[in-house]
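Below are the sequence and a predicted model; questions follow.
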Amino acid sequence: MGETSDPAGDTVGQDRVVVLAGPSGAGKSRLAARLQDAHGWPILRLDDFYRDEDDPLVPRSEQLGIVDWDHPDSWNRVAALDALATLATTGRVTTPVYDLSASRAVGTAELTAEPHDLILAEGIFAADIIPDLRLRGLLAGAFCVHHRPGVTFVRRLVRDLSERRKPPLTLVRRGLALMREEPALVRRQQDLGAEPARARHLEPRLSALARR
């Protein structure tokens, strides 16, 4: 990329990865899709690195009696980080394609990045790799996309029901639990280095990078 300015106004060199973290249903995927449509930037969907349901490392929720898909151990952080590093340094990477309704990877996809592209890394666990990306010199910016918890709950439930991700009762119970936990999640991601932001405010800030 050469030297340019990141969304916070700091100077960056070859840093290429923009982390879009935040609660499930907050609008990360929609924001990433709009930025991709506008600028052609590749999206590495970190949720594709969820572990298969029968993976012995997958944690389970004692409260809900199901796999705890909101626990950081439910995804393969190391594989996700390595994929981002490969894409940023070589311009090409093969990633898994995860089917949330089947709770397992069902295929692979190939991503490419042009030399001056930013790379959008979005997912509910995206904040967990901010320190690693910064250490590797790959981080261009990191944000926690969020809304009011009640709004996020409704958006998430509508999305998950329409996509038949899990049984309806499971989605409602999980959604209510996530709504209660959302303020703490935003604080945790902020502590990891993600700047809290609304999607509508963040989009023009990131789009400005394409003109530098």
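Thanks, I have it. Numbering: from 1, shown residues only.

for the protein, longest helix please?
Criterion DSSP state H: the longest helix present in the chain is helix 168-191.

Please name every helix or strand in contact with it.
strand 139-145, helix 149-162, strand 195-197 (3 or more C-beta pairs under 8 Å, 6 or more residues apart in numbering; DSSP states H and E). (C-beta placed from N, C-alpha, C; glycine too.)

Tabulate these (CSV), appending mean pLDDT and distance to W69.
Shown next, in CSV, are those (pLDDT from 0 to 100; distance: least, C-beta to C-beta, whole Å):
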stretch, mean pLDDT, distance to W69
strand 139-145, 93, 19
helix 149-162, 69, 11
strand 195-197, 90, 23
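
now the longest helix of the chain against strand 139-145, angle please.
Orientation note: helix 168-191 sits at an angle of 130 degrees relative to strand 139-145 (axes from the mean of the first three to the mean of the last three C-alpha atoms, to 10 degrees).

tell me which residues in helix 168-191 are buried?
Residues of helix 168-191 classed as buried: 171, 173-175, 178-179, 182, 185-186, 189-190 (neighbour count, 16 or more other C-beta atoms under 10 Å).

how far is that helix from where the chain is centred?
Relative to the chain's own centre, helix 168-191 is displaced by 15 Å; criterion: C-alpha atoms, centre = their mean, to the nearest Å.

what pLDDT, on average, does it get?
Averaging pLDDT along helix 168-191 gives 79.

Share the number of residues neighbouring the closest residue to G91 other than its chain neighbours, please.
Sequence neighbours aside, A113 is the residue nearest to G91 in space, at 5.1 Å (criterion: C-beta to C-beta, 6 or more residues apart in numbering). Applying other C-beta atoms under 10 Å, we find 20 residues neighbouring A113.

ditto for G123
So G123, with other C-beta under 10 Å, has 25 neighbours.

can you tell me how far the nearest residue to it once chain neighbours are set aside sits from V158?
Among residues not flanking G123 along the chain, L46 sits closest, at 2.9 Å (C-beta to C-beta, 6+ apart). Distance of L46 to V158, computed by C-beta to C-beta, to the nearest Å: 22 Å.

out of the two, which sits in the more crowded spot?
Taking neighbours as other C-beta under 10 Å, L46 and V158 compare with L46 leading, 29 against 11.

which regions of the protein sit below the pLDDT cut-off?
1-14, 63-65, 149-151, 153, 160-161, 163, 175, 210-212 (pLDDT under 70).
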